[in-house]
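S.K.: Need a 3D model of the following:
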Amino acid sequence: MKKSFHAVALLAAGTAGFLGWYSAGRAQAPDADKTKAKAGPKQPGTEQGFALFQTRCMGCHGNPAMADRAPDPSVIRQMSPQKIYDALTTGPMKVQGQALSDQEKRLLAEFMGGSTPIGLGDAGEAKNMPNRCASNPALPDPSSGASWNGWGVDLANTRFQAAKAAGLTAAQVPRLKLKWAFGYPSGVSAHGQPSVVGGRVFVGADIGYVYSLDAKTGCVYWSYQTNSLVRNSITVAPVKGHGSTKYAAFFGDARANVYALDAQNGELLWKKHVDDFFVARITAAVKVYEGRVYVPVSSSEEFTGGNLDYPCCTSRGSVVALDASTGNQIWKTYVVAEPKPTRKNSKGVQLYAPAGGSVWNSPTVDPLRHAVYFGTGDGETEPADPHTDAIMAVDMDTGKELWTYQATPGDAFMGGCGGGPNAPRSENCPSVQGPDSDIGNSPILRTLPGGKRVLIAGTKEGDVFALDPDNNGKLLWRVHASNTPAPPPGSRPGFGSGIVWGGAADEQNVYYGFTGGGMAALELATGKKKWFVPITTPTGPGRIGHGAAATVIPGVIFVGGSDGLLSALATFDGHTLWQYDTAKNFDTVNKIPAHGGSMNSAGPIVVNGMVFLGSGYAVGGGTKPGNVLLAFGL
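M.R.: Residues are numbered from 1 along each chain as shown. Below you'll find the predicted structure:
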């Protein structure tokens, strides 16, 4: 889609909020010194700022009739959060800002500004932390020694760490103790999954910083400030053409930027903006293979796109291949076709279709088939494209589609379209609201004992299915794995029974946690359920969510819960081996006040006898914010 199209269609989607509040009450604005926001924990997370933006900000910005008075959303997104916040409190938009609470102004400013939290200053810089490492020895070859490099530990996204690299046995797990904690200043969602390479931890944070830490002690080598939050994992891989730099740290941010940093010192090698949609983002981790970076692209558009002032809908998911040494684009494959104008709603706002198909998961690379596999999200418009809620396979050299398996057809879903007497469904909404059945988990590629290969993924309805990657994605088996009944066809599964961010697989079984609580083990070859456990808390049975990604080592499966409890279960029957409550205060090596919370997305990682994970998740209702990275050892 051409950038000029976005400039019109998305203008309405964005900064209209500033003038949309113009009819707010004219109460006297507080003094400037009282409106300076302070850094600190806040709830919900800044990702909810776009819901405010769509519902409160769509009447003017992007409206062609007001183009001479309402700035383009892309212009607002270049402002700092503090500048936007100041405009709404003491500046030219203070009258409009009176319609919002201070928390709402903060959320909107931080989403649109997209960099460090308001009031953070330079507190996130490694140079200002007391736990600076005394020296910075040369980073060893990432392929040598034990590591957990990237989201799924391997190209196949198995999330299985072999015994030698894990350095931890089932018998030793009950002896795990907290070794150190690192706090993210002013953070609320510690959902950046750490990677450990060459004895160093590489991790991104929701405060817009990426850090390199020592795995044993938690001392900090360097920090780098990005343009937005980083909630995926980092991959370290070789890079060429940058002087003495041998290895780069690759990742994406929530403004669709991909970065390559010198893994030794954190200096920027290149930065690439991979999508012009103004709320395009990179939620999941990139995958690096043979000099290419495969980038999944998602979007925040569907949060509340049912608002009649919004020109619904024009975003579309994609996977982009970049040259690892230069950042130059090699190919880009969209999930759905280019949106076209369809009709205008009763407010005269132009609507578009098709849209949707966000890629929320890290791609899986299959060198044997020369293919890249990834899951896709729901459609935003009807009819939903046959590539939505699907597993897609594309050629790794060209991006050409090889095959697609659609798990849930007809899923056109849009936030703000729940209906009901107090919230009637708008004209922007699909006539039949879909189940919102994105496949947000990375496909898992495994080889069975006899040599047959399977590609496995799960759905929000709680189904698990296996495809044949060597026979054009033919369905091998599909079972309902959750311990709750499958929802009726066409109904919304909600968050009571499904699979979101993914499982893990050893040589025999695949293990998935469920948003309604509990975990199941299924045979790779047949899908037969081996066991299901509800996962109990120290005080009794818990109906808490286990939608975060799982991690497996020989004999042990690790999974985090929405209550903050990290559990280690025996792989043969699911009984509890060890638990640790992370939802509490921690003393940190960098002296930042820190607290744990929900674990709803990224999973723990295991390397050299240590377990690392972030605790805290402030996206959506019922979650517990947190800002801490934890390291456990024997």
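
S.K.: so who does I553 touch?
M.R.: With contact taken as C-beta atoms under 8 Å, 6 or more residues apart in numbering, I553 is in contact with F160, Q161, A162, A163, A166, L168, V606. (Each C-beta comes from the backbone N, C-alpha and C, glycine too.)

S.K.: same thing but at 6 Å, please
M.R.: Q161, A166, V606 (C-beta atoms under 6 Å, 6 or more residues apart in numbering).

S.K.: Can I get the residues you listed in JSON lines including pLDDT?
M.R.: Below are these laid out as JSON lines (pLDDT from 0 to 100):
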{"residue": "Q161", "pLDDT": "98"}
{"residue": "A166", "pLDDT": "98"}
{"residue": "V606", "pLDDT": "98"}
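
S.K.: A570 and G596: what is the separation?
M.R.: The gap separating A570 from G596 is 24 Å, by C-beta to C-beta, to the nearest Å.

S.K.: Between these two, tell me which one has more neighbours.
M.R.: G596 (29 against 16; other C-beta atoms under 10 Å).

S.K.: give me every residue that touches the more buried one.
M.R.: Contacts of G596 (C-beta under 6 Å, 6+ apart): G564, T582, A583, K584, S615, G626, V628.

S.K.: The residues you listed in strands, which ones?
M.R.: S615, V628 (DSSP state E).

S.K.: Let me know the closest of the contacts of G596 to M414.
M.R.: Of all the contacts of G596, G626 has the smallest distance to M414: 30.1 Å, by C-beta to C-beta.

S.K.: That closest one contacts S615, correct?
M.R.: Yes. Using C-beta atoms under 6 Å, G626 is in contact with S615, at 4.7 Å.

S.K.: Return every residue with contacts to both of those two.
M.R.: The contact lists of G626 and S615 share A190, G596, G597, where a contact means C-beta under 6 Å, 6+ apart.

S.K.: Let me know the average pLDDT across stretch 566-581.
M.R.: In this model, stretch 566-581 carries a mean pLDDT of 97.

S.K.: First-to-last residue distance for that stretch?
M.R.: Start-to-end span of stretch 566-581 (C-alpha to C-alpha, to the nearest Å) is 6 Å.

S.K.: coming back round to it: so can I have a markdown table of the shared contacts of G626 and S615 showing pLDDT, distance to H387 and secondary structure?
M.R.: Listed next are the shared contacts of G626 and S615 as a markdown table, based on pLDDT from 0 to 100; distance: C-beta to C-beta, whole Å; DSSP: H, G, I helix; E, B strand; the rest coil:
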| residue | pLDDT | distance to H387 | secondary structure |
| --- | --- | --- | --- |
| A190 | 96 | 33 | coil |
| G596 | 97 | 38 | coil |
| G597 | 95 | 35 | coil |
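
S.K.: For the stretch 451-600 of the chain, give me the ranges with low pLDDT.
M.R.: 487-496, 537-543 (pLDDT under 70).

S.K.: what sits against D262?
M.R.: T245, L269.

S.K.: pLDDT value on it, please?
M.R.: Looking at D262, the pLDDT reads 98.

S.K.: Is it bridged to anything, and to what?
M.R.: A248 (DSSP bridges).

S.K.: Domains in the protein, by residue range?
M.R.: 3-113, 233-282+285-439 (automatic domain parsing).

S.K.: Single out the most deeply packed of those domains.
M.R.: Comparing these by mean neighbour count (mean count of other C-beta atoms under 10 Å), domain 233-282+285-439 ranks first with a mean of 22.

S.K.: Compute the first-to-last residue distance for it.
M.R.: 18 Å.

S.K.: ok, V454 touching L467?
M.R.: No. Counting by C-beta under 6 Å, L467 is not a contact partner of V454; they are 7.2 Å apart.

S.K.: between the two, who's got more neighbours?
M.R.: Applying other C-beta under 10 Å to V454 and L467 shows that L467 carries more neighbours, namely 26 against 23.

S.K.: any idea how far the closest residue to K272 other than its chain neighbours lies from A549?
M.R.: Once flanking residues are discounted, K272 sits nearest to G327: 4.0 Å by C-beta to C-beta, 6 or more residues apart in numbering. Going from G327 to A549 by C-beta to C-beta gives 27 Å.

S.K.: same deal with L52?
M.R.: 29 Å.

S.K.: which ones are touching E380?
M.R.: Here E380 is in contact with E302, C313, A355, G356, M414 (C-beta under 6 Å, 6+ apart).

S.K.: switch to 7 Å and redo it
M.R.: E301, E302, G305, C313, A355, G356, A412, F413, M414 (C-beta atoms under 7 Å, 6 or more residues apart in numbering).

S.K.: Which of these scores worst on pLDDT?
M.R.: G305 (79).

S.K.: thought that residue was touching G415?
M.R.: Yes. Between G305 and G415 there is a contact at 6.2 Å, judged by C-beta atoms under 7 Å.

S.K.: Can you give me every residue that contacts P142?
M.R.: N149, V197, G198, V236, A237, Y247.

S.K.: helix, strand or coil for it?
M.R.: coil (DSSP: H, G, I helix; E, B strand; the rest coil).

S.K.: if I look at it, how far off is A486?
M.R.: Counting by C-beta to C-beta - P142 and A486 are separated by 42 Å.

S.K.: Show me the longest helix that occurs in this structure.
M.R.: Ranked by residue count under DSSP state H, the longest helix found in the chain is helix 102-113.

S.K.: Give me the buried stretch members for the following helix or strand past that one, please.
M.R.: Next helix or strand after helix 102-113 toward the C-terminus (DSSP states H and E): helix 163-166. Within helix 163-166, the residues scored as buried using 16 or more other C-beta atoms under 10 Å are A165, A166.

S.K.: thinking again about what came up before, may I see the domains of the chain arranged in a markdown table, with distance to A123 as well?
M.R.: Below are these laid out as a markdown table (distance: least, C-beta to C-beta, whole Å):
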| stretch | distance to A123 |
| --- | --- |
| domain 3-113 | 7 |
| domain 233-282+285-439 | 17 |
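
S.K.: now for the ones you listed, which one comes closest to P137?
M.R.: domain 233-282+285-439 (9.4 Å).

S.K.: what about dumping the CA coordinates of stretch 249-263 to CSV?
M.R.: Once non-C-alpha atoms are left out, stretch 249-263 reads as follows in CSV (Å, rounded to 0.1, in the frame of the first residue of the first chain):
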residue,chain,number,x,y,z
ALA,A,249,22.0,-8.3,18.4
PHE,A,250,18.8,-8.3,16.3
PHE,A,251,15.3,-7.3,17.5
GLY,A,252,12.2,-5.2,16.7
ASP,A,253,10.2,-2.6,18.5
ALA,A,254,6.6,-1.6,18.8
ARG,A,255,6.9,1.0,16.0
ALA,A,256,7.9,-1.5,13.4
ASN,A,257,11.6,-0.7,13.5
VAL,A,258,14.2,-3.5,13.3
TYR,A,259,17.6,-2.9,14.9
ALA,A,260,21.1,-4.5,14.6
LEU,A,261,23.3,-3.5,17.5
ASP,A,262,26.9,-4.4,18.0
ALA,A,263,26.5,-7.2,20.6
